[in-house]
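In: dropping the sequence and predicted coords here.
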Amino acid sequence: MNAPTTSRRRFLASSLAGAVTLPAWAAPLGANGDVRVATIGFRGRGRGHIKELLKVPGVRLVALCDVDQDVIDKQVAALAKENITVKTYRDFRECCADKDIDAVTIATPNHSHVLIALTALQHGKHVYVEKPVSHNLIESAKLMAAATKAAAKGIVVQHGMQRRSDEGWAAAMQWVKEGHIGKPKLSHALVHGLRMSIGKVSGPQTPPATVDYKLWSAPRPEMPLMREKLHYDWHWQWPYGNGDIGNQGPHQYDVARWALGDPDVLPKRVMSFGNRWGYVDDGQTANCQIAFHPYEPVPLIMDKFGLPMKDMNPKLGSAPYKGVRDGNVIHCEGGYVAESKAYDNEGKAIMKFENFLTGPDHMKNFIDSVRAGKYTKDVLHIRHGHHAACLAHLANVSYRLGKAMKTEELKERLQGDKFGQELFAEFLKNLAANQIDISSQQIIVGPWLDYDPASNLFTGEFAAEASKLCQEEYAAGFELPEV
């Protein structure tokens, strides 16, 4: 295959350039003034934002925005019981333009994260955006560019990966850095949460009457609703979601990067394989997937398995690895860290980290940064969210370019990779425990893709095909703002 054409390269590069113009009235708030916040999207995670914001002294929740009127009405009624009144919006553009709002938190579906964040920045708002902070590589680079320009004006953009504010994980990272169990050999991210079938429809469905489907779809054009439920199950369809590797995955990718010392650039290669096994439904993304990210000198592997422990029995839960389901294992020379504990090579616990996942003050840290007009802690920086999201995007691009491959062929590809071979054997064992016949539904194996992190461009044999998967259609009126 040929490398991308000059015009393609120019298109991709130009999509990452430019500047965000902030209004003159945008300014840091200082220590004493109230911080006026709006939450955009709160049917799911956004409800958590509201609860967390209301706990922070000096924060006033002044507005809510959601495309579903039923969701708005229920939340307004709940707040009224606490004597809290708010403005309400259906359209995020009107919400972002409100000069009585200092900051927004965003918990909408993935495909609208960057559009809303850039719109908020154009209006001088501080931004807290949930994971993944972007839906594709191009959008992620745009968000980073805009956030960098905004930071110079005292405007903060923070990611929603709460483990970065966790005292237990901070202690574990420091302990590993001190070399108590030798040098790290592999940073292993696990997403083993059980995901069930989303069903299969016979034709387009009618969106709920309370939902403005055009606004829900933005920035995508309105497309036929081809799933039983509008809400949540979008995660498993490419125009809106990124699969579980881009849903739960960024939390674990972020911790995995942290264990590597937070590399400044993305790795130069990626390869991923998997499939959607166990049922036939309207989901498009893989439910079982492994991705290889060869950072130097220590590699990172994402290990995603969404089926039960065995017999396709959801009552049994998902299959753990070293006691971990959704979490991280840091493999070192003399042992390993598995979430809140460290073990020697014989599996004997030798250390426990206190205050582990005990409700970190991630939202309070955002508000502290808003007041200061700068990040109060480096771990809050949007670049961590950008890197974690991009690792998922890179893995998915490789997977989506994949072809069916026999097990022996894949084993051959993994020759020389001790950890890769071990995790693939575990992967096959878990599939077999669920009676998955991979001779009839083979593993989809993506190519090794070459990637230039400096230019945010794919290079090499599959560059044109990979680049095309980073380009998406934007509906009229919902194009990404110039950056």
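Out: Structure's in. What do you need?
In: against residue 217, how distant is the spatially most central residue of the chain?
Out: The C-alpha lying nearest the average C-alpha coordinate of the chain belongs to residue 132 (CA atoms, centre = their mean; 2.4 Å). Between residue 132 and residue 217 the distance is 18 Å, computed by CB to CB, to the nearest Å. (Each C-beta comes from the backbone N, C-alpha and C, glycine too.)
In: next one: residue 311
Out: From residue 311 over to residue 217 the distance is 39 Å, taken as CB to CB.
In: by contact count, what packs against the longest helix along the chain?
Out: Secondary structure assigned by DSSP state H gives helix 382-400 as the longest helix of the chain. Under the contact definition 3 or more CB pairs under 8 Å, 6 or more residues apart in numbering; DSSP states H and E, helix 382-400 sits against helix 137-151, strand 157-159, helix 249-259, strand 269-275, strand 288-293, strand 300-305, strand 449-452.
In: so where is the protein shaky, pLDDT-wise?
Out: Of all residues in the chain, those with pLDDT under 70 make up the ranges 1-32, 359.
In: would you mind giving the domain segments of it?
Out: For the chain, whose domains are defined here by automatic domain parsing, the residue ranges read 6-163+363-380, 165-357+388-468.
In: tell me which of those domains lies nearest to residue 475.
Out: Distance to residue 475, taken as CB to CB, is lowest for domain 165-357+388-468 among those, at 4.3 Å.
In: quick check: end-to-end length of the closest one?
Out: Start and end residues of domain 165-357+388-468 are separated by 36 Å (CA to CA, to the nearest Å).
In: what about the closest residue to residue 34 other than its chain neighbours, how many residues nearby?
Out: Across the structure, with CB to CB, 6 or more residues apart in numbering as the measure, the residue nearest residue 34 apart from its sequence neighbours is residue 60 (4.9 Å). Taking other CB atoms under 10 Å as the criterion, the count of residues near residue 60 is 16.
In: quick thing: my sequence starts at 858, can you match it?
Out: Sure thing, new numbering starts at 858, so read that last one as residue 917.
In: state the distance from residue 917 to residue 955.
Out: Distance from residue 917 to residue 955, counting by CB to CB: 13 Å.
In: same check on residue 907?
Out: Between residue 907 and residue 955 the distance, using CB to CB, works out to 17 Å.
In: SS state for residue 1187?
Out: Three-state secondary structure (criterion: DSSP: H, G, I helix; E, B strand; the rest coil) places residue 1187 in strand.
In: tell me, how many residues neighbour it?
Out: The burial count assigned to residue 1187 is 26, neighbours taken as other CB under 10 Å.
In: isn't it up against residue 1194?
Out: Yes - using CB atoms under 8 Å as the test, residue 1187 is close enough to residue 1194 to be in contact (4.3 Å).
In: residues shared between the contacts of the two?
Out: With contacts defined as CB atoms under 8 Å, 6 or more residues apart in numbering, the residues shared by residue 1187 and residue 1194 are 1029, 1033.
In: list the contacts of residue 958.
Out: When contacts are counted by CB under 8 Å, 6+ apart, residue 958 touches 893, 894, 895, 919, 920, 952, 982.
In: surely the second one forms part of a helix?
Out: Translated: residue 894. No - looking at residue 894 with three-state DSSP, it is strand, so not inside a helix.
In: show me where the stretch 1008-1157 of the chain has its helices.
Out: For the stretch 1008-1157 of the chain, helices defined by DSSP state H, counting those that start in this stretch occupy the ranges 1024-1034, 1070-1074, 1106-1116.
In: residues contacting the last one, please?
Out: The reference is to helix 1106-1116. Contacts of helix 1106-1116 with the rest of the structure, by CB under 8 Å, 6+ apart, involve 988-990, 1016, 1018-1021, 1026, 1030, 1033, 1041, 1044-1048, 1099-1100, 1120, 1157, 1159, 1161, 1183-1185, 1187, 1236, 1241-1242, 1244-1246, 1248-1249.
In: residue most distant from the centroid, this structure?
Out: Centroid-distance maximum for the chain: residue 940 at 34.5 Å, with CA atoms, centre = their mean.
In: SS state for that residue?
Out: Remark: residue 940 carries the secondary structure label coil [criterion: three-state DSSP].
In: now residue 910
Out: Here residue 910 takes the helix state, with states given by three-state DSSP.
In: right, and it touches residue 896 too?
Out: Yes - Residue 910 is in contact with residue 896 according to CB under 8 Å; the separation is 7.1 Å.
In: identify the contacts common to those two.
Out: For the pair residue 910 and residue 896, residues contacting each of them under the criterion CB under 8 Å, 6+ apart are 918, 962.
In: neighbour-wise, which of these two wins?
Out: Between residue 910 and residue 896, counted using other CB under 10 Å, residue 896 has the larger neighbour count: 28 against 22.
In: wait, doesn't that one sit right on residue 908?
Out: No - contact status for residue 896 versus residue 908: not in contact, 10.2 Å apart, counting by CB under 8 Å.
In: please, where are all the helices along the stretch 1158-1307 of the chain?
Out: In the stretch 1158-1307 of the chain, the helices defined using DSSP H, counting those that start in this stretch lie at 1219-1229, 1239-1257, 1264-1270, 1275-1290.
In: so which of those helices comes closest to residue 976?
Out: Comparing the helices of the stretch 1158-1307 of the chain by their distance to residue 976 (CB to CB), the top pick is helix 1239-1257, with 15.8 Å.
In: run the chain-centre distance for the closest one.
Out: 8 Å (CA atoms, centre = their mean, to the nearest Å).
In: what do you get for stretch 1167-1177?
Out: 25 Å.
In: CA-only coordinates of that stretch in PDB, if you can.
Out: As requested, C-alpha coordinates have been extracted for stretch 1167-1177 and formatted as PDB (Å, rounded to 0.1, in the frame of the first residue of the first chain):
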ATOM      1  CA  LYS A1167     -17.400 -19.500  31.700                       C
ATOM      2  CA  ASP A1168     -20.500 -21.000  30.000                       C
ATOM      3  CA  MET A1169     -21.700 -17.600  28.900                       C
ATOM      4  CA  ASN A1170     -23.300 -17.400  32.400                       C
ATOM      5  CA  PRO A1171     -23.500 -13.700  33.400                       C
ATOM      6  CA  LYS A1172     -24.300 -14.700  37.000                       C
ATOM      7  CA  LEU A1173     -20.600 -15.700  37.300                       C
ATOM      8  CA  GLY A1174     -19.300 -12.300  36.500                       C
ATOM      9  CA  SER A1175     -16.200 -11.600  34.400                       C
ATOM     10  CA  ALA A1176     -12.900 -13.500  34.400                       C
ATOM     11  CA  PRO A1177     -10.200 -12.000  36.700                       C
END
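In: list the buried residues in it.
Out: Residues 1169, 1175, 1176 are the ones in stretch 1167-1177 that count as buried (16 or more other CB atoms under 10 Å).
In: hmm, residue 1080 is touching residue 1073, no?
Out: No - Residue 1080 is beyond contact range of residue 1073, at 10.9 Å (criterion: CB under 8 Å).
In: these two: who's more crowded?
Out: More crowded of residue 1080 and residue 1073, by other CB under 10 Å: residue 1073, with 24 against 14.
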